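Colleague: build the 3D model from these lines:
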Amino acid sequence: MARKTGELLGRLRKLMQVHGNLAAYIIPSDDPHMSEYVCDKFRRREFISGFTGSAGTAVVCLDRALLWTDGRYFLQAENQLDENWTLMKDRMPGTPTDQEWLSSNLKKNERVGIDPKTCSVKRFNTLDKQLRGCGIELIAVNENLIEMVWDDAPSLPSSEVFIHDMKHAGQPVMDKLFTLRNEIRKKQCESIVLSALDDIAWLYNLRGSDVNYNPVFYSFAIVDQDTSTCFIDAAKINNDVESYLKEIGVEIHPYDEVYSVVRNLNGRVFLPLSTNRAIAQYIEKDNQVIGMSPIQELKAVKNETELEGMRQCHIRDGAALCEYFHWLENEVHKPGCDIDEVDAADKAEMFRKGYDKFVSLSFDTISSSGPNGAIIHYKPAKGSCLKIDKDDMYLIDSGAQYLDGSTDVTRTIHLGEPTQYQIDCFTRVLMGHIDLSMAIFPPETKGTCLDCLARSHLWNVGLNYQHGTGHGVGSFLNVHEGPCRISSGSRFSKYEMGLKPGMILSNEPGFYENGKFGIRIESLVEVVETDIGPSDGKYLTFEPITMAPIDLKLINPKIMTAKQIDWLNSYHRKVKENVGNIFDELGKEQGLKDWLAQKTKSI
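Modeller: So this is what the prediction gives:
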């Protein structure tokens, strides 16, 4: 149900007139680090609009309010926005971007405001250039106007950071700093300012809990050829971490001090794309080199310790999921069963908690029955969610953070008897999933070149899905990680990294019938070498590391090729072997083992 926002918008509009006589105020989803997921303090766009999705931009004018978001969230936004808001379906035909809309709808000499800490330097420069071309002025409003109408706005988290042990990290900090300094020299820069929270966590082999489900901590870092400085609140640093950072030569300064220190940087400074405008404004433009963070590329290719950790945690995670599905299929058919989507999500988390090295979930579980499965990033809420229907489709997209890796997996099952249409749709999604997984391609191929493999069987019958096919995944880090991806869009193509051995990505095609059901099949895959191609550049393919059965009830083998069926049978043999071994080690009941054997039988 939509939350009423009229009173808040009225207060905000009064402030807009006081702080610069603004005709429009932009509220991004971002924090000062351009994070995809943010702590409660920075959920300002959610606060003012009522829309809870992770991606979107709000624009408030004196007479209207608009919200842009992408295809994952259209249905959710329609449900959550009240009558004061207009939904702008981003990247759909006929929908202008926010900057195009502002350029066309504001008058010459009017002003647009934005908090420079919540806007990347590149985004600010692009927006400023376009608006100035129309005679419109972009103003950096240093006081955040949303915080001024948010009476009980949260503060920054103060949880302690902890050391990510070498047995899981696989590479010492000094080696990482040495490589980073080489990259800085290659870019002919004297220093780099790091803002992305996962970049900093990876570089220093530290983890935290400031952002739900993402083991990161609020901080900045500056690295030059001689020194390394971490800007972080002192309350987060215990004695062990302080000694550890001192030992590796990292200086500690207060979090907000970064804005004064950058004023004194000499020479050319590399600013990653995650750098906010408030930092960049203190560095001479001629000394700014803006581009993709070299750490993004370095951490995208996992070392062998990280890869083995990812493989092992996915086996444990698969075992937990098998326990969950075994439980769910038994429970929903019992007389008087009253399990709702939240109950089911909580039960899946409970099973994961029972396995070694579990830390937390890796994102909010998408537990969706029947029509809710068509809401791509659906989040069930107690009191408004559906009961699990024993005669309908059920989609669960879930994952966990383990000390040795991160998981993200989606499985769609039918708890009753599927229709032929549901079977055919599911099979076409599966065929795309398999074809992408079987792809063989040259090194450095970009994922945008492979995306059509996952969609072609849907396209053949006029179907599609409105989200990317794959994203990079961190190692006990953010579950969405660049710069590699598999997507049909060109929005990120300039900074997309070609695929290399050691990368981990998702493979997640889907199909969504609005108001009826949703289908998504997601496994994580490792990029590996084949024996095909020249010795100095073997061609690559994908090796699944997710270990969870794919629902045989929803498959029509008659429309599949023999190679696709062989792939599925081979995959299920691996699931049975790996998960079965864990069940044997833990002494799990025979009924669970029999269930696994039934779900992984050959077709």
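Colleague: pull up the distance across stretch 527-537, start to finish.
Modeller: 14 Å (C-alpha to C-alpha, to the nearest Å).
Colleague: ok, now stretch 178-198?
Modeller: Using C-alpha to C-alpha, one end of stretch 178-198 lies 18 Å from the other.
Colleague: now swap in stretch 347-366 and tell me
Modeller: When the termini of stretch 347-366 are compared using C-alpha to C-alpha, they are 13 Å apart.
Colleague: all helices of the stretch 151-300 of the chain, in order?
Modeller: Taking DSSP state H, counting those that start in this stretch as the criterion, the stretch 151-300 of the chain carries its helices at 166-169, 173-186, 197-204, 239-247, 258-261, 277-280, 294-300.
Colleague: how about the stretch 301-450 of the chain?
Modeller: Under DSSP H, counting those that start in this stretch, the stretch 301-450 of the chain gives helices at 304-331, 341-353, 420-438.
Colleague: so which of the ones you listed is nearest E147?
Modeller: Of all those, helix 341-353 sits nearest to E147, with 30.9 Å by C-beta to C-beta. In short, each C-beta sits where N, CA and C put it, glycine included.
Colleague: residues touching the closest one, excluding its own?
Modeller: Helix 341-353 is contacted by residues 317, 320-321, 323-324, 327-328, 339, 358, 361, 365, 367-369, 372, 380-382, 385-388, 394, 396, 398, 400 when judged by C-beta atoms under 8 Å, 6 or more residues apart in numbering.
Colleague: how does it look with 6 Å?
Modeller: Helix 341-353 has contacts (C-beta atoms under 6 Å, 6 or more residues apart in numbering) with 320, 323-324, 358, 365, 367, 369, 380, 382, 385-386, 388, 398, 400.
Colleague: same thing with stretch 314-321?
Modeller: Applying C-beta under 6 Å, 6+ apart, the external contacts of stretch 314-321 come out as 351-352, 355, 400, 407, 545-548, 578-579, 582.
Colleague: now swap in stretch 169-186 and tell me
Modeller: Residues outside stretch 169-186 that contact it (C-beta under 6 Å, 6+ apart): 192, 203-205, 225, 248, 294, 303, 305-306.
Colleague: by neighbours, which of these wins?
Modeller: In terms of neighbours by other C-beta atoms under 10 Å, the contacts of stretch 169-186 top out with Y204 at 27 neighbours.
Colleague: which one is it nearest to, not counting chain neighbours?
Modeller: Leaving aside its chain neighbours, Y204 sits nearest to V173 (5.8 Å; criterion: C-beta to C-beta, 6 or more residues apart in numbering).
Colleague: could you give the number of residues near the one you found?
Modeller: The number of residues packed near V173 is 22, by other C-beta under 10 Å.
Colleague: ditto for Q288
Modeller: Q288: 17 surrounding residues under other C-beta under 10 Å.
Colleague: quick one: residues contacting the residue most central in space within the chain.
Modeller: Nearest to the mean C-alpha position of the chain, by C-alpha atoms, centre = their mean, lies H480 at 3.1 Å. H480 makes contacts with 36, 471, as judged by C-beta under 6 Å, 6+ apart.
Colleague: tell me the pLDDT of the nearest residue to W327 once chain neighbours are set aside.
Modeller: The shortest distance from W327 to any non-neighbouring residue, by C-beta to C-beta, 6+ apart, is to K347 (6.5 Å). pLDDT recorded at K347 is 98.
Colleague: D340 versus K347, what's the distance?
Modeller: K347 is 11 Å from D340, where distance means C-beta to C-beta, to the nearest Å.
Colleague: still on that earlier bit, mind putting the helices of the stretch 151-300 of the chain into TSV with distance to L596 and mean pLDDT?
Modeller: Formatted as TSV, the helices of the stretch 151-300 of the chain follow (distance: least, C-beta to C-beta, whole Å; pLDDT from 0 to 100):
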stretch	distance to L596	mean pLDDT
helix 166-169	28	98
helix 173-186	40	98
helix 197-204	35	98
helix 239-247	42	97
helix 258-261	51	97
helix 277-280	52	97
helix 294-300	33	97
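Colleague: which of those helices sits closest to I504?
Modeller: Proximity to I504 (C-beta to C-beta) singles out helix 294-300 among these, at 8.5 Å.
Colleague: contacts made by the closest one with the rest, please.
Modeller: With C-beta under 6 Å, 6+ apart, helix 294-300 has contacts from 183, 199, 202, 472, 482-484, 497, 503.
Colleague: likewise for stretch 152-160?
Modeller: By C-beta under 6 Å, 6+ apart, the surrounding residues in contact with stretch 152-160 are 39-41, 147, 209-210, 218, 235-236, 238.
Colleague: where does pLDDT dip in this structure?
Modeller: 1, 489-493 (pLDDT under 70).
Colleague: make it 80
Modeller: For the chain, the stretches with pLDDT under 80 are 1, 489-494.
Colleague: ranges for the strands of the stretch 51-200 of the chain?
Modeller: In the stretch 51-200 of the chain, the strands defined using DSSP state E, counting those that start in this stretch lie at 57-61, 65-69, 85-89, 111-114, 137-140, 162-163, 191-194.
Colleague: what strands flank the last one, and is each parallel or antiparallel?
Modeller: Under the criterion DSSP bridges, strand 191-194 sits next to strand 220-224 (antiparallel), strand 269-272 (parallel) in its sheet.
Colleague: hmm, back to that, among the contacts of helix 341-353, name the ones in strands.
Modeller: 358, 367, 369, 398, 400 (DSSP state E).
Colleague: for the residue nearest to W327, give its distance to C313.
Modeller: Applying C-beta to C-beta, the value for K347 to C313 is 20 Å.
Colleague: of the helices of the stretch 151-300 of the chain, which is nearest R123?
Modeller: Among the helices of the stretch 151-300 of the chain, the nearest to R123 by C-beta to C-beta is helix 277-280 (7.9 Å).
Colleague: in what helix or strand does S523 lie?
Modeller: Following DSSP states H and E, one finds S523 within strand 523-529.
Colleague: which other helices and strands does the helix or strand that that strand is followed by contact?
Modeller: Per DSSP H and E, the first helix or strand lying C-terminal to strand 523-529 is strand 540-544. With contacts taken as 3 or more C-beta pairs under 6 Å, 6 or more residues apart in numbering; DSSP states H and E, strand 540-544 sits against strand 523-529.
Colleague: in its sheet, what does the strand it packs on sit against?
Modeller: strand 504-507 (antiparallel), strand 540-544 (antiparallel).
Colleague: give me the number of residues near E83?
Modeller: Neighbour number of E83 under other C-beta under 10 Å is 9.
Colleague: once you drop chain neighbours, what's closest to L15?
Modeller: Among residues not flanking L15 along the chain, L145 sits closest, at 4.8 Å (C-beta to C-beta, 6+ apart).
Colleague: the one you found against Q17, yeah?
Modeller: No: look at L145 against Q17 with C-beta atoms under 6 Å: they stay out of range, at 10.8 Å.
Colleague: who's R485 bridged to?
Modeller: Going by DSSP bridges, R485 forms beta bridges with H471.
Colleague: distance of D165 from L505?
Modeller: Note on D165: its distance to L505, by C-beta to C-beta, is 25 Å.
Colleague: and for A597?
Modeller: In terms of C-beta to C-beta, A597 sits 30 Å off from L505.
Colleague: try A344
Modeller: Per C-beta to C-beta, A344 is found 27 Å from L505.
Colleague: before we move on, what about K379?
Modeller: With C-beta to C-beta as the criterion, K379 and L505 are 24 Å apart.
Colleague: next: G518.
Modeller: 21 Å.
Colleague: which one of those two has more residues nearby?
Modeller: G518 (27 against 24).
Colleague: on that earlier part again, make a markdown table out of the helices of the stretch 301-450 of the chain and add distance to K538.
Modeller: Formatted as a markdown table, the helices of the stretch 301-450 of the chain follow (distance: least, C-beta to C-beta, whole Å):
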| stretch | distance to K538 |
| --- | --- |
| helix 304-331 | 17 |
| helix 341-353 | 36 |
| helix 420-438 | 16 |
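Colleague: I'm done for today, thanks for sticking with me.
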